[in-house]
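*Asks:* Pasting a predicted model and its sequence here:
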Amino acid sequence: MKTFYNSMNTPDELLQAYTTMFLFLGSSVTLSPREGGLPKFCQQGFLRNLPVTSNNQRFQEASRLLKSPCAHSGQCTKILTENYDNLFCSDSSAKAAPVASTWKYSNNEDESRSQSLKTLYDRYGFYKDENCGLGYDHLSMELLFVNMLLEKYLTEDDYEIKEMIRKDLSSFISDELLTWLPFWAKAVSEGSVTKCYTGIAGLVVGSLEDVKEILNRR
C-alpha cells in the first residue's frame, strides 16, 4: 500500500495498514530479538516488504536502510541482542530508552504528565495489565494506544464521536509522541551498530507523521 499521497488505497485502508506497522515496531523496542523474533523478520524479508510505502523522508531513508544487505549475516541474533541491550535496557545506562520522560520532562513534571496520560487513557478505556512493568509513557504503550484509537476511529459510525477520536488521536501524535521521538530516533541512530534499530526508529517517526497527515486531511 502507498501512503495518502497519490495512493490507490483509501485513507481508511492506509490507517489500517499502519496498525500492523505499529504492532511490529512497538514489539521491536520492547522485546529482545530472541523474544520478539526480529532476526526471523529480517530473514523472511518483512523489513524489505513493508505493508506500506511512503513519500515521507524519514520513512524512505529507513526503508532504504532496511532493504540494504545485512552486515552481520550469520551473527544476526547475537549482534542484535547486544545492540538491543545497549540501546533499550531499562537501567540508567540505556543509550536510547524508549520512554518519553527520558527525553521530554523534568522530574518535577513527571507526575502531572503521567496523570494527564492516564486521564486520556481512562477516557478511552485503555488499561495496562497489572503485571506490566512498563510505564504509560513507554513507546510500546503509546503505540498500543494509537492503535486502539485507530481501530475505534475506523469502526465508529457516529460522526461526532468519530471526529472527537480523530482530533484526540491527531493531538496525541503531535503533542505527545512527536515531541520526543525525533530525539529518541537520533539517539538510536548514534548508538546503534545495526541497521535494523536505526531503520526501526526512523519508521516509527515517519509512520506517525504519515498517520497524522492522513488524519489532518480528513
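*Replies:* Now that the structure is in, tell me what you want to look at.
*Asks:* Give me the contacts around the helix or strand hosting S101.
*Replies:* Using DSSP states H and E, S101 falls within helix 100-104. Residues outside helix 100-104 that contact it (CB atoms under 8 Å, 6 or more residues apart in numbering): 110, 113-114, 135, 137-139, 142, 176, 179-180, 183-184. C-beta coordinates here come from the backbone N, C-alpha and C atoms, glycine included.
*Asks:* what do you get for stretch 78-96?
*Replies:* Residues outside stretch 78-96 that contact it (CB under 8 Å, 6+ apart) are 29-30, 32-34, 38-39, 72, 97-98, 184, 187-188, 190-194, 196-197, 201.
*Asks:* Could you work out the end-to-end span of it for me?
*Replies:* 19 Å (CA to CA, to the nearest Å).
*Asks:* Would you mark the buried spots in it?
*Replies:* Neighbour counts using 16 or more other CB atoms under 10 Å place 79-81, 83-84, 86-88, 94, 96 of stretch 78-96 among the buried residues.
*Asks:* and the host helix or strand of L154, how far out from the chain's middle?
*Replies:* Using DSSP H and E, L154 sits in helix 139-155. Centroid separation for helix 139-155 versus its chain: 11 Å, with CA atoms, centre = their mean, to the nearest Å.
*Asks:* ok, residues contacting it?
*Replies:* Here helix 139-155 has contacts from 12, 15-16, 18-19, 22-23, 25-27, 29-30, 98-100, 121, 124, 126, 128, 134-136, 162, 165-166, 168-169, 172-173, 176-177, 181, 184, 204, 208, 211, using CB under 8 Å, 6+ apart.
*Asks:* do the same with stretch 156-167
*Replies:* Counting by CB under 8 Å, 6+ apart, 149, 152-153, 215, 218 sit against stretch 156-167.
*Asks:* residue ranges with poor pLDDT in this structure?
*Replies:* Counting by pLDDT under 70, the chain contains low-confidence residues at 1-8, 45, 72-73, 90-92, 105-111.
*Asks:* now the helices for it?
*Replies:* 11-28, 33-36, 38-43, 57-67, 76-88, 100-104, 107-123, 139-155, 159-171, 181-191, 195-216 (DSSP state H).
*Asks:* Give me the packing partners of the shortest one, helices and strands only.
*Replies:* With contacts defined as 3 or more CB pairs under 8 Å, 6 or more residues apart in numbering; DSSP states H and E, helix 33-36 has these neighbours: helix 76-88.
*Asks:* picking up where we left off before, could I get the helices of the chain as JSON lines with distance to L50?
*Replies:* Shown next, in JSON lines, are the helices of the chain (distance: least, CB to CB, whole Å):
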{"stretch": "helix 11-28", "distance to L50": "7"}
{"stretch": "helix 33-36", "distance to L50": "17"}
{"stretch": "helix 38-43", "distance to L50": "11"}
{"stretch": "helix 57-67", "distance to L50": "6"}
{"stretch": "helix 76-88", "distance to L50": "18"}
{"stretch": "helix 100-104", "distance to L50": "25"}
{"stretch": "helix 107-123", "distance to L50": "28"}
{"stretch": "helix 139-155", "distance to L50": "16"}
{"stretch": "helix 159-171", "distance to L50": "22"}
{"stretch": "helix 181-191", "distance to L50": "17"}
{"stretch": "helix 195-216", "distance to L50": "8"}
